[in-house]
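Q: Could you look at this predicted model? Sequence included:
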Amino acid sequence: MSSSDRDRLDGRRALVTGGSKGSGKAVVERLREMGADVYATARTMPDGYERPERFIAADVLTVEGTNAVAARIAEAGALDILVHVVGGASTPAGGFAAITNDQWLTELNLNLLGAVRLDRALLPAMIASGSGVVLHFTSIQRELPQYDASLAYAAAKAALRISRVAGVAVALPHYLNQTLN
C-alpha cells in the first residue's frame, strides 16, 4: 500500500465545528481532499457554500445548538472523525476582576462546554462502531495564559485539554484497544 493510499479517508464521516472559516475551513477542505464525507457546523452558512447539504447552521455555544448538531449527525450514523475547532476570546482586558459572570459563561460555553456536549452526544455511537478519533483544537494559552487579556479563554482551553485527557482519550482506547495521542 502506498503512503498516498494509506492517508486516504474514503468512506469515513467527519464533523468539524467552526468549519466555515479560518482553521476550521482549512480542516474541512483537507479532510475532503483526503476523501472523507465532511459535515461542518458554524453559526451561519457562508454565501455560496459548496456543500449546503453537509452544513449544520447551529451555535454550539448553546445547549440547543449542540443538540441540533448531534441530532443531525445521529440521523446519518456514527462519526469516524470529530474535530473541535470552534473557539475564540471576547473578554475585555483587565484580568479576573474585569471579567463578568456572563463573560465567563460565554467563554466557557464557546471554548469548552460545546465540545464537551458534542463529545458526550457523539462518542457513544463512535464507541459502538468500534472506531473513531476526536481532536480538540486548544491554544498555547492553556499553558501560557495572558492573565490580563484573555484569562477566561485560557482557562476554558486548559479545561478542554484536561477533559480530553480525563475523558475522551481514556474512553475511546478503553473501548477500542487503541491509543490516542
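A: Great, that's in hand.

Q: where does the protein have low pLDDT?
A: 1-4, 139-149, 162-181 (pLDDT under 70).

Q: which phi and psi does the spatially most central residue of it have?
A: Computing the C-alpha centroid of the chain and ranking residues by CA atoms, centre = their mean puts H84 first, at 1.3 Å. When quoted as degrees, to the nearest 10, the phi and psi of H84 stand at phi -90, psi 110.

Q: these two touch, right, it and T138?
A: No - contact between H84 and T138 fails when scored by CB atoms under 8 Å: they sit 9.1 Å apart. Quick note: C-beta positions are derived from backbone N, CA and C, even for glycine.

Q: C-terminal to the longest helix along the chain, what's the next element?
A: Selection of the longest helix in the chain by residue count, based on DSSP state H, yields helix 114-129. Next helix or strand after helix 114-129 toward the C-terminus (DSSP states H and E): strand 133-136.

Q: residues contacting the spatially closest residue to the residue nearest to the centre of the chain that is not a sequence neighbour?
A: Distance criterion CB to CB, 6 or more residues apart in numbering; nearest residue to H84, sequence neighbours excluded, is A115 at 4.2 Å. For A115, the contacting residues are 17, 60, 84, 86, 136, 160, 163, by CB atoms under 8 Å, 6 or more residues apart in numbering.

Q: And for F137?
A: 23, 83-85, 87.

Q: and the gap between it and R161?
A: With the distance defined as CB to CB, to the nearest Å, F137 ends up 11 Å from R161.
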